[in-house]
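In: sequence unavailable; structure follows:
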């Protein structure tokens with residue numbers, strides 16, 4: 001992997017507050033229920049400097065003089081290129097107060113995390129796919145032992161959020177309860193934010209399950225609430241716990257083009273990016 005570049009399909013601006021999501025494409029996991037085409041190396045190769053310039057210009061054009069409050073670095077998997085990510089966090093921290101990393105956590109060992117915190121990282125969101133190791137291997141291709149160890153190591157060093165997608169009859173309340181129990185054992189202060197996200201069959205690469213019923217999600221939430229103080233039913237891409245109004249996405253492409261995208265637009269355009277990437281290879 002070129003240490004100087006990552007493939008960037010787009011960045012996303014929030015309509016709710018001055019916030020930007022940076023999508024770094026390519027991923028080490030091949031999750032069966034993944035909804036993102038960014039797990040492949042799609043988009044344009046950009047240096048950190050080019051990416052920072054895109055963030056600054058697009059946010060200034062959209063938000064005006066209001067400074068960015070938060071940036072979420074996501075993917076794909078953001079931790080694949082350590083040199084790139086540390087440099088990116090360091091430069092973002094110069095003009096954004098809250099720098100958040102969304103990761104599957106497999107590569108985020110103690111030394112890597114410490115380097116990112118020193119660079120300015122303020123929060124880590126771990127996407128913990130499953131508790132059972134064999135189930136995790138089937139779903140992602142990797143064991144979860146390193147991830148569990150990295151979550152335990154991160155506790156107390158940085159603000160910590162853990163996400164799990166509820167997948168009916170695969171990652172259901174039994175798995176989620178085991179994860180909640182694990183988190184409660186390391187989180188005596190009850191400050192970890194545990195988020196239960198809903199599986200979306202229509203968006204997933206493989207149709208491995210159906211959408212969860214509302215009562216299933218509520219039952220999982222009630223179980224988690226016995227262990228965790230900060231639990232919430234949410235969506236992977238949403239930061240707020242409660243949203244009063246429905247909003248779209250303001251997408252900025254690497255060439256600076258700005259457009260509003262619906263969920264249908266997102267999938268269709270990413271399919272085109274993926275097809276272009278495969279053709280190029």
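Out: Nice, I can see it. Treat the numbers as computed from the prediction; the structure is a model and nothing was measured.
In: enumerate every residue touching residue 224.
Out: Counting by CB atoms under 8 Å, 6 or more residues apart in numbering, residue 224 touches 176, 177, 180, 194, 196, 231. All C-beta spots, glycine's among them, are computed from the backbone N, C-alpha and C.
In: quick one: those residues as JSON lines, columns for pLDDT too.
Out: JSON lines is the format used below for the contacts of residue 224 (pLDDT from 0 to 100):
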{"residue": "176", "pLDDT": "96"}
{"residue": "177", "pLDDT": "97"}
{"residue": "180", "pLDDT": "95"}
{"residue": "194", "pLDDT": "93"}
{"residue": "196", "pLDDT": "94"}
{"residue": "231", "pLDDT": "78"}
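In: look up how far residue 62 lies from residue 259.
Out: Separation of residue 259 from residue 62 (CB to CB, to the nearest Å) stands at 12 Å.
In: the contacts of residue 224 into CSV, with extra columns for neighbour count and secondary structure?
Out: Formatted as CSV, the contacts of residue 224 follow (neighbours: other CB atoms under 10 Å; DSSP: H, G, I helix; E, B strand; the rest coil):
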residue, neighbour count, secondary structure
176, 26, helix
177, 16, helix
180, 26, helix
194, 25, strand
196, 25, strand
231, 23, strand
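In: now name the helix or strand holding residue 67.
Out: Assessed by DSSP states H and E, residue 67 sits outside every helix and strand.
In: neighbours of the nearest residue to residue 155 once chain neighbours are set aside, how many?
Out: Nearest in space to residue 155, with sequence neighbours left out and distances taken as CB to CB, 6 or more residues apart in numbering, is residue 186 at 5.2 Å. By the criterion of other CB atoms under 10 Å, residue 186 has 15 neighbours.
In: which pLDDT value belongs to residue 186?
Out: We have a pLDDT of 94 for residue 186.
In: look up phi and psi at it.
Out: phi -100, psi -10 (degrees, to the nearest 10).
In: that one and residue 162, how far apart?
Out: 11 Å.
In: same question, residue 10
Out: Separation of residue 10 from residue 162 (CB to CB): 26 Å.
In: what does residue 210 give?
Out: Residue 210 is 24 Å from residue 162, by CB to CB.
In: more crowded one of these two?
Out: Remark: of residue 210 and residue 162, residue 162 carries more neighbours, 24 against 11, as counted by other CB under 10 Å.
In: just the element for that one, please.
Out: Going by DSSP H and E, residue 162 is part of strand 159-166.
In: which helices and strands does that strand pack with?
Out: strand 123-127, helix 145-154, helix 173-186, strand 193-198, helix 214-225 (3 or more CB pairs under 8 Å, 6 or more residues apart in numbering; DSSP states H and E).
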